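Novice: Sequence and predicted structure are below.
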Amino acid sequence: MSPTTTTEATATAAPPAAPAAPKPRTVSRDRRGRTVSLVSHGLLTVASLIALFPIVWLIFLSLGPDKDDYLHPGRIFDKMTFSNYSFVLQHTNFFKWLESTVIVALGTTVIGVAFAATTGYAVSRMRFPGYRKLMWMLLLTQAFPIAVLIVPMYEILGELGLIDSYGALILIYCSTAVPYCAWLLKGYFDTIPVEIDEAGRIDGLSPFGTFWRLILPLARPGLAVAAFYTFITAWGEVAFASTFMLDDQKYTFAVGLQSFISEHDAQWNYMAATAVLIAVPVSAFFYLVQRNLVTGLTSGGTKG
């Protein structure tokens, strides 16, 4: 055989087969992903049931006609009725309580959010002497328990002639809600670019005009969170309302519920029905602002 033939045979010989690549383990990954998804959904389902149980239980107890049905809840199934709701709406001062609570809650929300927004914006944008001390002072006010504050506040409001007035509760609730909301909104304003303020000044807007026309529309999610927190603070507070409101015609819901409890008796069926009715306006308010709640809570914590 000639050398040329040998060379050609060597060139045309097939190269050795490469080892087969291992198959990707997609099956095990899919199983692992499904397992994690099932566990996550299971935990979320359990957490949702735990969160919903008190609400469902309260509604269930409100359908029992007797005050002692909570001791034997199984008997409620045979005698469910809406008589507790009709009694609360027709034979109590429910609508007076509703009027007082709405006045106090909305007044606290409007005034509290206004002060918190201006305070948070000033601290976020302006570097005046003592601005850090101001924010720490606002935070420090949250450390005092209510029991310590009631006596000095009662004396101050008594000297101002504000005892047994809506203004007293609005002022007190604002002093509670504004410090927290100022911190919250300060963090949210930090996420808004400073260039927007500079653009407003170039267009001839005053600092307040920039804040009102440019910053507040962008801070709507943060304002929604602050408004919701302030509203809830005023809606369900008990200690201050029961101390400073003396006229039963000005009771808020939280104080009105106490009328169902005496020294030797407690009408739990009426309390449960009233509590369910109280939750309806709060749920409606939550529905109005819920679109902005998640955005406001997450964005407000990214800076500051």
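Specialist: Structure received.

Novice: tell me the mean pLDDT for stretch 72-92?
Specialist: Mean pLDDT, stretch 72-92: 89.

Novice: which residues touch it?
Specialist: With contacts defined as C-beta atoms under 8 Å, 6 or more residues apart in numbering, stretch 72-92 is touched by 60-65, 69, 94-95, 256, 259, 269-270, 272-274, 276-277. In short, each C-beta sits where N, CA and C put it, glycine included.

Novice: Out of these, which end up buried?
Specialist: 60-64, 69, 94, 256, 259, 269-270, 272-274, 276-277 (16 or more other C-beta atoms under 10 Å).

Novice: out of the residues you listed, which are inside helices?
Specialist: 60-62, 94, 256, 269-270, 272-274, 276-277 (DSSP state H).

Novice: Would you mind giving those as a markdown table with distance to residue 100 added?
Specialist: Shown next, in a markdown table, are those (distance: C-beta to C-beta, whole Å):
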| residue | distance to residue 100 |
| --- | --- |
| 60 | 29 |
| 61 | 25 |
| 62 | 22 |
| 94 | 11 |
| 256 | 9 |
| 269 | 24 |
| 270 | 19 |
| 272 | 21 |
| 273 | 19 |
| 274 | 14 |
| 276 | 19 |
| 277 | 15 |
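
Novice: And the furthest pair within those?
Specialist: Based on C-beta to C-beta, the longest span within those runs between 60 and 256 and measures 22.1 Å.

Novice: So for residue 253, what's the pLDDT?
Specialist: 89.

Novice: Could you do residue 20 as well?
Specialist: Residue 20 is given a pLDDT of 52.

Novice: What of residue 12?
Specialist: 50.

Novice: Adjust the sequence numbering to begin at 305 for everything that follows.
Specialist: In the new numbering, first residue 305, that becomes residue 316.

Novice: tell me the contacts of residue 496?
Specialist: 519, 522-523.
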